[in-house]
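K.L.:
Pasted the sequence and its predicted model underneath.
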Protein chains: 2
Amino acid sequence: MANKSIEPRDGCIASAMDIIGSKWTALILRDLALGPKRFSELEKSISQLNPRTLSQRLDGLEAQGIISKQASQANRPKSLYALTAKGADLLPLLKQMATWGNKYAANRD
Amino acid sequence: MANKSIEPRDGCIASAMDIIGSKWTALILRDLALGPKRFSELEKSISQLNPRTLSQRLDGLEAQGIISKQASQANRPKSLYALTAKGADLLPLLKQMATWGNKYAANRD
DNA sequence: CAGTATCCTTGTTGATACTG
DNA sequence: CAGTATCAACAAGGATACTG
């Protein structure tokens, strides 16, 4: 069947939404775009986000191969979350969102 | 403060997510990208979506200025939903999603 | 056709406390 | 620091039936 849709095949948009659609994920990815971050850094940066939910998001993203987690227990517990290639490929998407938001979002300051 | 983030100012991504982040919205927009559609057309196209939620999404999108609604009650009830300019500006975003999804989504057929 | 009304299930959150 | 455990409370979403 001829597919005139903007998605090459069905489910493409849905699968992207499946990743970034859950609350906070886009913001987490935005932060990780600047480089690897620790749990507490993310927690601080996204102040409305509580540790339980952050942990859930992080686990989910790792399971989906969007981020990688590197934990070391040298002296003090330390964890580092970073984007994978698959996750980095999501960045143009975030930029596009930012572009749209910048044009249309109400200014809040 | 210097903002090295991929968003020019805080809240841009959040405001885009506020629109497309709710479930089904991206799919509705995808369909409207092909031209104005009726309620039942959308309902048929997105088969998992029930009328209540569709109605909610449509109302919300209209309130946010993403789509316009034109209803006529000539003989038979008829409604037509179409993208506004603001809504059309969301399409690059959807294409970007589709691109990502096409690269990474599991094939389902 | 274009929705509403109702009810129910699930996801998300908030607060707080606790562990390696 | 980096989380997990537990509970309560709520909002979003799903199923189904019904109406102008």
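P.N.:
Good, I have the coordinates.
K.L.:
make it CA atoms for all contacts and neighbour counts henceforth
P.N.:
Fine.
K.L.:
that's a helix at residue A:70, yeah?
P.N.:
No: counting by DSSP: H, G, I helix; E, B strand; the rest coil, one finds residue A:70 to be strand, located in no helix.
K.L.:
pretty sure it contacts residue A:79?
P.N.:
Yes: Residue A:70 lies in contact with residue A:79 (Cα atoms under 8 Å); the separation is 5.7 Å.
K.L.:
okay, the two: which has more neighbours?
P.N.:
Using other Cα atoms under 10 Å in any protein chain shown as the criterion, residue A:70 and residue A:79 rank with residue A:79 on top: 15 against 12.
K.L.:
I'd like to know the phi and psi angles of the more buried one, please.
P.N.:
The phi/psi pair for residue A:79 (degrees, to the nearest 10) reads phi -130, psi 150.
K.L.:
How about the contacts made by the residue lying closest to it once chain neighbours are set aside?
P.N.:
Setting aside the residues directly before and after it, residue A:79 is nearest to residue A:71 in space (Cα to Cα, 6 or more residues apart in numbering or on different chains), at 4.2 Å. Remark: with contacts taken as Cα atoms under 8 Å, 6 or more residues apart in numbering or on different chains, residue A:71 is in contact with A:77-80.
K.L.:
ok, of those, which come out buried?
P.N.:
residue A:80 (16 or more other Cα atoms under 10 Å in any protein chain shown).
K.L.:
how about a markdown table for the contacts of residue A:71, with distance to residue B:56 and pLDDT added?
P.N.:
A markdown table is the format used below for the contacts of residue A:71 (distance: Cα to Cα, whole Å; pLDDT from 0 to 100):
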| residue | distance to residue B:56 | pLDDT |
| --- | --- | --- |
| A:77 | 46 | 78 |
| A:78 | 44 | 86 |
| A:79 | 41 | 93 |
| A:80 | 40 | 95 |
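K.L.:
Going by contacts, tell me the helices and strands next to the helix or strand where residue A:96 lies.
P.N.:
Assigned by DSSP states H and E, residue A:96 belongs to helix A:91-104. If you count contacts as 3 or more Cα pairs under 8 Å, 6 or more residues apart in numbering or on different chains; DSSP states H and E, helix A:91-104 packs onto helix A:25-32, helix B:12-20, helix B:91-104.
K.L.:
and which of the contacts of residue A:71 is nearest residue B:31?
P.N.:
residue A:80 (39.9 Å; Cα to Cα).
K.L.:
Am I right that that closest one is in a strand?
P.N.:
Yes: assessed by three-state DSSP, residue A:80 belongs to a strand.
K.L.:
so where's chain A uncertain?
P.N.:
Along chain A, segments meeting pLDDT under 70 span A:1-3, A:74-75, A:107-109.
K.L.:
which ones are touching residue A:11?
P.N.:
So residue A:11 contacts B:101, B:105 (Cα under 8 Å, 6+ apart).
K.L.:
And it, how close does it get to residue B:6?
P.N.:
To residue B:6, residue A:11 is 27 Å away according to Cα to Cα, to the nearest Å.
K.L.:
Residue A:79 now?
P.N.:
Distance from residue A:79 to residue B:6, by Cα to Cα: 23 Å.
K.L.:
Point to the residue nearest the middle of chain A.
P.N.:
residue A:29 (2.8 Å; Cα atoms, centre = their mean).
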